[in-house]
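Participant: output the structure for:
(one chain, ligands or ions: 1)
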Amino acid sequence: MSGTLYIVSTPIGNLEDITQRALRILKEVDLIACEDTRQTRKLLDHYQIKNQLTSFFEHNEIRKIPEVIGALQSGKSVAVVSDSGTPTISDPAFKLVREARTQGITVVPVPGANAALAAISVSGLPTDSFIFEGFLPHKKGRQTAWKKLADEDRTIILYESPHRVLKTLAEIQEYLGERHVVIARELTKKFEEVLQGTPSELKAHFEKLEPRGEFVILITGKKYFEKHFK
Ligand code: SAM
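Facilitator: The predicted structure is shown next:
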């Protein structure tokens, strides 16, 4: 009998944001596959959990998949965690899950924190229908992505690094116009902040105060914007 593969969500900042079940699973499994062992060790130490870790990140994923599948096939149970939030969401492990399913291995979610959902839940933007784009391509394909998003009626959710926030705001202005935008920064952490405004207002803000930390950018869908903001 194969073991079970658990996809375990961990906090996106505040260490209290982890479920009782996640803590139990992290204690009970035979092996934890994690992105950065130092990061996961910090979380485990905080909860006094001792368990075996193996690194599993974007650049060793392909090499590591057979090893993790092998452990599962020999009856071991494995938990996958990423550095923050839900594994597979703009994080590794999608290919591992796909392979586990192909091999008939049971894959179980242990849900919890996720930056995109936390951000939209406090954004005041429509949540009935939204599109999660993760990180837009940095160069090739970025312009095409913006052109497609210009007519999008659903709320758009993007992840962005602090270095690209100003560029992204300028691009929203260029391709989508002065749409209503919400920026959720450092959610669940000390400097948590949710700002809203037009791309030019937000750009002016971050030109004065250098963007720092982790960002989710939410953009109002076209139809909703035209109905409620014009
Ligand atoms: N797997 C994670 C999840 O479930 O949200 C996302 C991992 S992705 C590599 C990291 C990005 O998520 C950051 O660059 C940022 O865009 C967003 N993010 C993560 N934590 C955040 C936080 N506390 N506040 C705002 N955005 C966050």
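Participant: show me which residues of this structure are close to the ligand?
Facilitator: 12-13, 82, 84-86, 89-91, 114-116, 159-161, 184-189, 214-216 (Cβ under 6 Å from any ligand atom). Where you see a C-beta, it was placed from the backbone N, CA and C, and this is true even at glycine.
Participant: give me the subset of the residues you listed that lies in strands.
Facilitator: 159-160, 184-185, 215-216 (DSSP state E).
Participant: going by distance to the ligand, which of the residues you listed wins?
Facilitator: Closest approach between these and the ligand, by Cβ to the nearest ligand atom: Tyr159, at 3.2 Å.
Participant: run through the bridge partners of the closest one.
Facilitator: Val216 (DSSP bridges).
Participant: list the contacts of it.
Facilitator: 90, 115-116, 134-135, 215-217 (Cβ atoms under 8 Å, 6 or more residues apart in numbering).
Participant: would you turn these into a markdown table with pLDDT?
Facilitator: Shown next, in a markdown table, are the contacts of Tyr159 (pLDDT from 0 to 100):
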| residue | pLDDT |
| --- | --- |
| Ser90 | 97 |
| Ala115 | 98 |
| Ala116 | 98 |
| Gly134 | 98 |
| Phe135 | 98 |
| Phe215 | 98 |
| Val216 | 98 |
| Ile217 | 98 |
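Participant: what about burial for those, which qualify?
Facilitator: Buried members of the contacts of Tyr159, scored by 16 or more other Cβ atoms under 10 Å, are 115-116, 215-217.
Participant: returning to that earlier point: and the two most separated of the ones in strands among the residues of the chain next to the ligand?
Facilitator: Tyr159 and Arg185 (11.9 Å; Cβ to Cβ).
Participant: identify the contacts common to the two.
Facilitator: With Cβ under 8 Å, 6+ apart, Tyr159 and Arg185 have common neighbours 215-216.
Participant: grab the nearest non-local neighbour of Glu207.
Facilitator: Leu166 (6.9 Å; Cβ to Cβ, 6 or more residues apart in numbering).
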